[in-house]
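[1] got a predicted structure here, sequence first:
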Amino acid sequence: MASRLPAVFLGHGNPMHALARNDYTEAWRRLGEEMPRPRAILAISAHWYGSGTAVTVAAAPRTIHDFGGFPQELYQVQYPAPGDPTLAGRVQQLLAPLAVDSDDSWGLDHGTWSVLCHVYPNADIPVVQLSIDATKGADQHFEIGRMLAPLRDEGVLILGSGNVIHNLRMYAWGRLSQEPYDWAVRFENKAMDLIRASDHAALIHYEALGQDAALSIPTPDHYLPLLYVLGARHADDAIRFPVSGIEGKALSMLGLKVG
């Protein structure tokens, strides 16, 4: 279907990428230029992770600076994209009977705006965020992604933002270009192979993938957005990895485009 939009997962990494121009941000920019322009974006960010499922309904969502210890310049970044209450209602409809709260206080966190400021720098496309319910299992998050798939035929870009590998305890702060850990390279390659093979069951039950997976995903918050995008994938969707690289030895910047 020519009008079907892709679904995209982006490894957002360090929030300082919002201010940078590097290989990652240039890849994000090119992605925005090559994709059909969406009428709206539904973002699933690792940084809205808590109890319950909610969707933003504000007409003008605020830019959330949900981090500490960074240069003042980063706290001055604004991404004034409009919201889309109608899209929020459509999300609630698609996910029924799952209870999805209407949230007018959250806004856009840095998992969303730090990449979108490069993908769509004019901030002129409406953006709605969907929270990640920490009480649900990985299989349920994949299923939510599957239920959201019709949005791709309605002009909506489904965007997952997290990191396939996200181990901050082993992250080389201030030494971002160092060679990655062997386990990180192995797990990233394994994840890519499983995605290419459409082995969604293995990706959902990642805990069974051994020690490399345990080191790569010490907490599920940054991994789960990938499952939403995989859930929204159609069987005939092409797979592409428009962004790659591991920064700080233990944080994957891998990006995935389906469709």
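    Perfect, thanks for sending it. Numbers count the residues shown, from 1 in each chain.
[2] show me where this structure has helices.
    23-34, 72-75, 85-95, 110-119, 138-148, 182-196, 200-204, 211-216, 224-231 (DSSP state H).
[3] out of these, nearest to residue 253?
    Closest to residue 253 of these is helix 23-34 (C-beta to C-beta; 5.3 Å). Every C-beta, even on glycine, is put in place using the N, C-alpha and C of the backbone.
[4] buried residues of that closest one, list them for me.
    24, 25, 27, 28, 29, 31, 32 (16 or more other C-beta atoms under 10 Å).
[5] the last one and residue 117 touch, don't they?
    No: distance between residue 32 and residue 117: 10.3 Å, which falls outside the contact criterion (C-beta atoms under 8 Å).
[6] follow-up on the earlier one: out of the buried residues of helix 23-34, who's nearest residue 123?
    residue 32 (11.8 Å).
[7] mind pulling the model confidence for the closest one?
    We have a pLDDT of 97 for residue 32.
[8] also the one 10 residues further on?
    As predicted, residue 42 sits at a pLDDT of 98.
[9] give me the number of residues near the closest residue to residue 218 other than its chain neighbours?
    Among residues not flanking residue 218 along the chain, residue 167 sits closest, at 5.6 Å (C-beta to C-beta, 6 or more residues apart in numbering). Neighbour count of residue 167, defined by other C-beta atoms under 10 Å: 22.
[10] isn't residue 167 right up against residue 215?
    Yes: using C-beta under 8 Å, residue 167 is in contact with residue 215, at 6.0 Å.
[11] any idea how far the residue sitting nearest the centre point of the chain is from residue 186?
    Taking C-alpha atoms, centre = their mean, the centroid of the chain lies closest to residue 161, which sits 1.5 Å from it. Remark: distance between residue 161 and residue 186 (C-beta to C-beta, to the nearest Å) = 24 Å.
[12] repeat that for residue 61.
    Following C-beta to C-beta, the distance that separates residue 61 from residue 186 is 39 Å.
[13] neighbour count: the two, which is higher?
    A direct count of neighbours by other C-beta under 10 Å for residue 61 and residue 186 places residue 61 higher, at 27 against 17.
[14] where does the stretch 51-200 of the chain dip in pLDDT?
    Flagging of the stretch 51-200 of the chain using pLDDT under 70 yields the residue ranges 174-177.
[15] and with 50 instead?
    Residue ranges of the stretch 51-200 of the chain with pLDDT under 50: none are present.
[16] can you tell me which residues contact the closest residue to residue 119 other than its chain neighbours?
    Of all residues not flanking residue 119 in the chain, residue 32 sits nearest, at 3.8 Å (C-beta to C-beta, 6+ apart). Residue 32 makes contacts with 118, 119, 120, 121, as judged by C-beta atoms under 8 Å, 6 or more residues apart in numbering.
[17] just the pLDDT for the closest residue to the first one other than its chain neighbours.
    So that's residue 118. Nearest in space to residue 118, with sequence neighbours left out and distances taken as C-beta to C-beta, 6+ apart, is residue 28 at 4.0 Å. With respect to pLDDT, residue 28 has a value of 98.
[18] what does residue 223 give?
    At residue 223, pLDDT is 98.
[19] that concludes my questions; thank you for your assistance.
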